[in-house]
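Trainee: I'd like to go over a predicted model; first the sequence, then the structure.
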Amino acid sequence: MKRYLVLAIAVGLVFSLSLGNPHSARAEKIGFVNVEEVLTNSDIGKTAGEELKKSYEKTKKNIQDKEKELQRLKDELEKQRPVLTEKAMKDKEQAYQKKFRDYQDLVKDANDDMQGRRQEFLGKNVPEIMKIVTSIGEKEGYTLILDLSNPTIAYSAKDNNLTQRVMQEFNKLKKSR
């Protein structure tokens with residue numbers, strides 16, 4: 001709802017400024033960029049995505065191994081239940097619960113690691129992308145450039161979509177470093 005409000009205010013401001021000044025011969029120019037697409041499909045985004053995928057696959061295998069071990073322990077516990085003493089059963093259940101908590105910690109740590117890497121990637125690259133968007137907006141006289149990955153937009157003309165151009169500039173910027 002907040003996104004709709006921001007979008008409505010921005011578009012309303014642009015149109016009210018152009019209507020409020022009858023001497024304004026300049027047509028308002030609105031552009032669109034999909035920052036998420038730039039982050040995902042740029043050269044550096046693809047490289048980062050592959051690195052994350054490799055890390056995910058390694059972690060996934062480790063998690064699956066732990067799941068198999070937990071299932072084996074659970075099956076073993078159920079099979080031995082009738083023949084174990086109450087104390088032995090309690091000890092085995094506690095050992096199983098400890099391994100289950102370790103498994104949960106492993107999954108949480110893996111998720112936190114992936115989220116942290118993504119946030120680090122965003123923190124490094126989004127400001128640079130926004131500088132490119134600002135530069136294009138200033139040089140080419142855009143009144144407004146909206147990020148398609150952020151607010152929900154029902155319609156946008158494809159001819160004002162600057163995503164590919166921003167991605168090319170971002171790739172050039174990263175290659176020059």
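Mentor: Perfect, I can see it now.

Trainee: part of a helix, is residue 54?
Mentor: Yes: per DSSP: H, G, I helix; E, B strand; the rest coil, residue 54 lies within a helix segment.

Trainee: now residue 148: how far from residue 95?
Mentor: 52 Å (C-beta to C-beta, to the nearest Å). Just so you know, the C-beta spots here come from the backbone N, C-alpha and C atoms, and that holds for glycine as well.

Trainee: show me which of those two is the more surrounded one.
Mentor: Using other C-beta atoms under 10 Å, the more surrounded residue of residue 148 and residue 95 is residue 148, with 17 against 12.

Trainee: correct me, but the more buried one touches residue 33?
Mentor: Yes: the pair residue 148 and residue 33 passes the contact test of C-beta atoms under 8 Å, sitting 6.8 Å apart.

Trainee: and for the two, which residues touch both?
Mentor: Here residue 148 and residue 33 have 161, 163 as joint contacts, going by C-beta atoms under 8 Å, 6 or more residues apart in numbering.

Trainee: residue 125 against residue 36, yeah?
Mentor: No: contact between residue 125 and residue 36 fails when scored by C-beta under 8 Å: they sit 11.4 Å apart.

Trainee: other SSEs contacting the one helix or strand residue 138 maps to?
Mentor: Taking DSSP states H and E as the criterion, residue 138 maps to helix 86-140. The elements that helix 86-140 packs onto, with contact taken as 3 or more C-beta pairs under 8 Å, 6 or more residues apart in numbering; DSSP states H and E, are strand 30-33, helix 35-41, helix 43-80, strand 144-147, helix 163-175.

Trainee: ok, back up a step: between residue 125 and residue 36, which has more neighbouring residues?
Mentor: Taking other C-beta under 10 Å, residue 125 and residue 36 do not tie; residue 125 has more neighbours (20 against 16).

Trainee: ramachandran angles for the closest residue to residue 33 other than its chain neighbours?
Mentor: Once flanking residues are discounted, residue 33 sits nearest to residue 162: 4.6 Å by C-beta to C-beta, 6 or more residues apart in numbering. Main-chain torsions, residue 162, degrees, to the nearest 10: phi -100, psi 10.

Trainee: flag the shaky bits of this protein, pLDDT-wise.
Mentor: Low-confidence segments of the chain (pLDDT under 70): 1-27, 152-157.

Trainee: nearest residue to the middle of it?
Mentor: By C-alpha atoms, centre = their mean, the chain has its centre lying nearest to residue 118, at 6.5 Å.
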